[in-house]
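>>> structure, please.
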Amino acid sequence: SSGINAEYGAPKKEQAPKKEAPKKEEPKKEEPKPEAPKKEKKAPFSNLPPAKLSMDTFKRMYWNEEMPVISKYFDENFVDGEWSVWKVEYKYQNELKRTTTTNNLVKGMFQRLESMKKFAFGLMYVFGNPGDQKLAGVWLGRGGDNFFYEDDNWTIDIENFNCTKLDMNKPEEKALWTKFVAGEIDDWEGRQFEKDHIF
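Purely as a prediction, here's the structure:
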């Protein structure tokens, strides 16, 4: 029996180097790790210089001031590239059957975006009757690109929306932003305003 053990023992000794061989390959897999520093950012948008417009100030004004004061602050402090304004429209409007479900969809989105509050302001409006609803809104966020993609945790819901950057130098595009902030959007594609959600 010792001979049999010896026979079985030999392959085991031979197998050991085989098991070790993949370990030698592992460092190759670790080489692409220079990507890691991206995840080690102290904060989103840390690569951007300080902005003239303060999101805290803007939000405080939104809640406490009349529209002329809000507009004046925005006009004097908004710098394209430091911030950007986006129109968002839900891609799957035919799925919006019940107002409760649509509202919950927005509430869930806002909850998942909690860590974005310092960097963005959003207005999402529900339009139309149950079974024939639209979900659309405007967002002001940090940087010149679509800020939802600055952090992987922020992309979950925005993938379900068509995002269009609004040019604040074009009167008709700025007017859409201003009307949303002023609460003057009464309908969307023929559907009456139903409910607003403020981020």
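>>> next up, phi/psi of the most centrally placed residue in the chain, please.
Residue closest to the mean C-alpha point of the chain, counted by CA atoms, centre = their mean, is F148 at 2.5 Å. Note on F148: its backbone torsions stand at phi -60, psi -20 [degrees, to the nearest 10].
>>> residue contacts, it?
M116, G141, W154, T155, I158, C163 (CB atoms under 8 Å, 6 or more residues apart in numbering). To be clear about C-beta, it is placed using only N, CA and C from the backbone, and glycine gets the same treatment.
>>> how close does it get to K52?
Computed as CB to CB, to the nearest Å, the F148 to K52 distance reads 22 Å.
>>> turn the contacts of F148 into JSON lines, columns for pLDDT and distance to L105.
Converted to JSON lines, those look like this (pLDDT from 0 to 100; distance: CB to CB, whole Å):
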{"residue": "M116", "pLDDT": "94", "distance to L105": "17"}
{"residue": "G141", "pLDDT": "97", "distance to L105": "20"}
{"residue": "W154", "pLDDT": "94", "distance to L105": "16"}
{"residue": "T155", "pLDDT": "93", "distance to L105": "16"}
{"residue": "I158", "pLDDT": "93", "distance to L105": "12"}
{"residue": "C163", "pLDDT": "97", "distance to L105": "16"}
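>>> secondary structure and neighbour count for those - can I get that in JSON lines?
Output for the contacts of F148, formatted as JSON lines (DSSP: H, G, I helix; E, B strand; the rest coil; neighbours: other CB atoms under 10 Å):
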{"residue": "M116", "secondary structure": "helix", "neighbour count": "22"}
{"residue": "G141", "secondary structure": "strand", "neighbour count": "22"}
{"residue": "W154", "secondary structure": "helix", "neighbour count": "22"}
{"residue": "T155", "secondary structure": "helix", "neighbour count": "13"}
{"residue": "I158", "secondary structure": "helix", "neighbour count": "19"}
{"residue": "C163", "secondary structure": "strand", "neighbour count": "15"}
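>>> and the two most separated of those?
M116 and C163 (14.4 Å; CB to CB).
>>> buried residues of stretch 91-101, list them for me.
Buried residues in stretch 91-101, counting neighbours by 16 or more other CB atoms under 10 Å, are found at Q93, L96, T99.
>>> who's the closest spatial neighbour of the first one, skipping the chain neighbours?
Spatially, and ignoring its direct neighbours in sequence, Q93 is nearest to K134 (5.5 Å; CB to CB, 6 or more residues apart in numbering).
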